[in-house]
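**Q** here's my sequence, what's the structure:
(2 chains)
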Amino acid sequence: ETGVTQSPTHLIKTRGQQVTLRCSSQSGHNTVSWYQQALGQGPQFIFQYYREEENGRGNFPPRFSGLQFPNYSSELNVNALELDDSALYLCASSLDQAFMNTEAFFGQGTRLTVV
Amino acid sequence: AQSVTQLDSQVPVFEEAPVELRCNYSSSVSVYLFWYVQYPNQGLQLLLKYLSGSTLVKGINGFEAEFNKSQTSFHLRKPSVHISDTAEYFCAVTPSGGYNKLIFGAGTRLAVHP
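**A** From the prediction side, this is the model:
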């Protein structure tokens, strides 16, 4: 039990639709990172939010966006869904931006299927 | 750009046998190294990490890893595995210039058989 919860656990969407995934971080954790894990691959960094501001972004298009709220919750929004967006989406909360300074606690993920 | 290669996609092993999961990274700058485990339908859990100092790092559940700078490797080992160790294992790096993200390998599926 990491204290990080994601909702929903599973989701099916149609190509072209928009989706919002949610993450509830551990209390006191001011940093949340989002990763996309395609089937059979390792997680890929989407972006990180630190104190409600984007703090680094991976190689993902602008239709991937996020929000972080003061109550330690956050959202990942994906517009204009494509079939290749089908993946497990993981959020990780931490006390610090830098992974060498702290431990990142991962949620169990949201499995998104785009049809 | 940094990258991580996990040399084996699957490793089958019998219970109580030793196991080594191999990881190589490519980087021209210093990195920090991590091993994570992912059990079915769960998120990632940190097993151990190397930041500096002793090249042999001990982690949870009896796992250890050795950092070898000359071979750019960070192999994970356990002297005696249990059925409960069956999971996906990911090696990851945080480049010193990109401290706020983890770059993961593709993973190694460890299957422990009775």
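**Q** now do the closest residue to residue A:96 other than its chain neighbours against residue B:99, distance only.
**A** Excluding its sequence neighbours, the residue lying closest to residue A:96 (C-beta to C-beta, 6 or more residues apart in numbering or on different chains) is residue A:102, at 4.1 Å. Glycine gets a C-beta too; all of them are placed from N, C-alpha and C. Residue A:102 sits 11 Å away from residue B:99, taking C-beta to C-beta, to the nearest Å as the criterion.
**Q** residues contacting the residue nearest to residue A:96?
**A** A:94-96 (C-beta atoms under 8 Å, 6 or more residues apart in numbering or on different chains).
**Q** correct me, but residue A:56 touches residue A:49?
**A** No - Residue A:56 is beyond contact range of residue A:49, at 9.2 Å (criterion: C-beta atoms under 8 Å).
**Q** so those two - more neighbours on which side?
**A** residue A:49 (24 against 16; other C-beta atoms under 10 Å in any protein chain shown).
**Q** from what I see, the more buried one and residue A:69 are in contact.
**A** No - assessed by C-beta under 8 Å, residue A:49 is found out of contact with residue A:69, at 9.6 Å.
**Q** state the helix or strand in which the nearest residue to residue A:17 once chain neighbours are set aside lies.
**A** Nearest residue to residue A:17 in three dimensions, chain neighbours excluded: residue A:81, at 5.2 Å (C-beta to C-beta, 6+ apart). Using DSSP states H and E, residue A:81 falls within no helix or strand.
**Q** and residue A:81, how many neighbours?
**A** 19.
**Q** just the pLDDT for it.
**A** Looking at residue A:81, its pLDDT stands at 98.
**Q** residue B:42 too?
**A** Reported pLDDT for residue B:42: 84.
**Q** what's the answer for residue B:3, then?
**A** 88.
**Q** again with residue B:97
**A** 68.
**Q** which residues does the residue nearest to residue A:17 contact?
**A** Contacts of residue A:81 (C-beta under 8 Å, 6+ apart): A:13-19, A:114.
**Q** at the contact with chain B, which residues of chain A appear?
**A** Contact residues, chain A versus chain B (C-beta under 8 Å from any C-beta of the partner chain): A:2, A:4, A:31, A:33, A:35, A:40-45, A:48, A:50, A:55-56, A:58, A:90, A:92, A:97-100, A:103-104, A:106-109.
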